[in-house]
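Peer 1: would you be able to build a 3D model of this:
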Amino acid sequence: DMFRSLADTIREEYKDDNLLLVGFAETATAIGAAVAVEIGAKYMQTTREIIPDVDYMFFSEEHSHATEQKLVKEDIDSVIKKIDRIIFVEDEVTTGNTILNIINVIRKTYPDTNVKFGIIYSYTVRSVNGDVRSSYEAAKGVRVNVTPTVKIANVSNGVKVTWSKVENATGYTIYSATYNAKTKKWSGWKNRGTVKASKTSWTDKSVKSGTQYKYTVRAVNGKVLSSYNKTGAATLYLAQPTVKIANNAKGVKVAWSKVTGATGYTVYRSEYKNGAWTKWASRGTAKANKTSWTDTKVTSGVQYKYTVRAINGKYKSTYVSSNTVLYLAQPNVTVKAVSNGIKVAWTQSTGATGYTVYRMEYNAKTKKWSNWSSRGTTTKTSWTDKTVKSGTSYKYTVRAVNGNTISTYLSTDSLLYLAQPTVKVE
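Peer 2: Sure, this is the predicted structure:
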């Protein structure tokens, strides 16, 4: 009847809660087990025994002849997220310290995470014996404090600051500090403004390349401010290089803008293969005084794209892909006089859909060469210039073409054209 009466009291008091009953060794284990069965609650008991390879949570029972008590941690782990309340069952309560000791151990191991930032929570404990309950005194209230986790990264238009969302926050205040390279000291934290609770990122667009910055964030709820990471998350801002690419005589030339604070530049390449672009692959790192590099390991007729990242130690700029380029090898050109003009011939370039021929003419009076002029485009690998004049010097070159893509070119040596004499025999 006593067990049933205790069960009825607990059932009525906590009818809407998922309960865990913990019986204290030794006598109270039977009481706790019987009550748990009666109300259909989860149950476990403390022990003074030690089984090898079992992880325990230890607490003290100071007034007992055997002061060391323990709970099997695996048992608690399996139910802690499924319960609303723990009820301790003891056959004697003297100082009450045993109950407080086990509560402190459980609270440290399994802190109350069902709380919200900015709200004050208070806790208390009451002992129960049948219908009799002890008085209680509420502990001093604790305001929940959450420190946002901050991450930063260089982006195309500045430094992007992101942070973890804090439940119940009404906003976030961002702070920054700047490193002075001359004094080798950080400035104090500067308030950069507060954003709405729906935001978890902000970009600092006022940064200068080559300067170190650090950031921290505080959650806000009315007049309440969360704690913050006083060290902050630091980075060296490096601007994103502007990249240009073009075919040249040896391959594809990649050129980029100089970035203040960079100690080098890493060049990456992707190529179009089997209907898809390959992943970016590093092609090497250039020194800080270099702003161009030629990729000589390219294949005519293949499309490529390039990007460049400024680097300084562990810090890297962001990057943007260049336009694509179809590499067309530079044709090798030869010229020779023939009976009806000058024959221009060239090597085939894989990927080319045609070839444009250019001519330059020497003016004997001014002693100057004219500009290159297009003589037309053909799909063949030779062409005869029939408009030449005897006694005039000419130079030729050919560029492979495919749509808007054209190869580089190399001028031939000059050729003085002399018309073929007409011979008569009498």
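
Peer 1: return the helix or strand in this protein with minimum mean pLDDT.
Peer 2: Counting by mean pLDDT, DSSP states H and E, the chain has its least confident helix or strand at strand 142-143, which shows a mean of 63.

Peer 1: surely N154 is within a strand?
Peer 2: Yes. Assessed with DSSP: H, G, I helix; E, B strand; the rest coil, N154 lies in a strand.

Peer 1: quick one: it and T235 touch, right?
Peer 2: Yes. Under the criterion of C-beta atoms under 8 Å, N154 makes contact with T235 at 6.4 Å. (C-beta placed from N, C-alpha, C; glycine too.)

Peer 1: out of the two, which sits in the busier spot?
Peer 2: For N154 versus T235, the count of surrounding residues by other C-beta atoms under 10 Å is larger for N154: 23 against 20.

Peer 1: contact partners for T27?
Peer 2: Applying C-beta atoms under 8 Å, 6 or more residues apart in numbering, we find T27 in contact with D91.

Peer 1: ok, now how distant is it from E68?
Peer 2: Separation of T27 from E68 (C-beta to C-beta, to the nearest Å) stands at 17 Å.

Peer 1: T266 too?
Peer 2: Counting by C-beta to C-beta, the gap from T266 to E68 is 60 Å.

Peer 1: still on that earlier bit, which neighbours do N154 and T235 have in common?
Peer 2: Shared contacts of N154 and T235 (C-beta under 8 Å, 6+ apart): Y315.

Peer 1: more neighbours: which of T266 and E68?
Peer 2: Neighbours were counted for T266 and for E68 using other C-beta under 10 Å; T266 has more, 17 against 13.

Peer 1: can you tell me the helix or strand for the more buried one?
Peer 2: strand 264-273 (DSSP states H and E).

Peer 1: remind me what that strand packs against, helices and strands.
Peer 2: If you count contacts as 3 or more C-beta pairs under 8 Å, 6 or more residues apart in numbering; DSSP states H and E, strand 264-273 packs onto strand 281-287, strand 292-295, strand 303-312.

Peer 1: okay, those strands in JSON lines with mean pLDDT, distance to N247 and mean neighbour count next?
Peer 2: Formatted as JSON lines, those follow (pLDDT from 0 to 100; distance: least, C-beta to C-beta, whole Å; neighbours: other C-beta atoms under 10 Å):
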{"stretch": "strand 281-287", "mean pLDDT": "95", "distance to N247": "16", "mean neighbour count": "13"}
{"stretch": "strand 292-295", "mean pLDDT": "96", "distance to N247": "10", "mean neighbour count": "17"}
{"stretch": "strand 303-312", "mean pLDDT": "96", "distance to N247": "10", "mean neighbour count": "22"}
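
Peer 1: to L410, which of these lies closest?
Peer 2: Closest of the helices and strands packed on strand 264-273 to L410 is strand 292-295, at 15.3 Å (criterion: C-beta to C-beta).

Peer 1: which residues sit against that closest one?
Peer 2: 248, 250-256, 267, 269, 283-284, 286, 304, 306.

Peer 1: nearest residue to the residue nearest the centre of the chain other than its sequence neighbours?
Peer 2: Taking C-alpha atoms, centre = their mean, the centroid of the chain lies closest to A153, which sits 7.4 Å from it. Nearest residue to A153, sequence neighbours excluded (C-beta to C-beta, 6 or more residues apart in numbering): K160, at 5.2 Å.

Peer 1: state the number of residues packed around the one you found.
Peer 2: For K160, the neighbour count with other C-beta under 10 Å is 19.

Peer 1: next: T392.
Peer 2: Neighbour tally, T392, other C-beta under 10 Å: 14.

Peer 1: no more questions from me, cheers.
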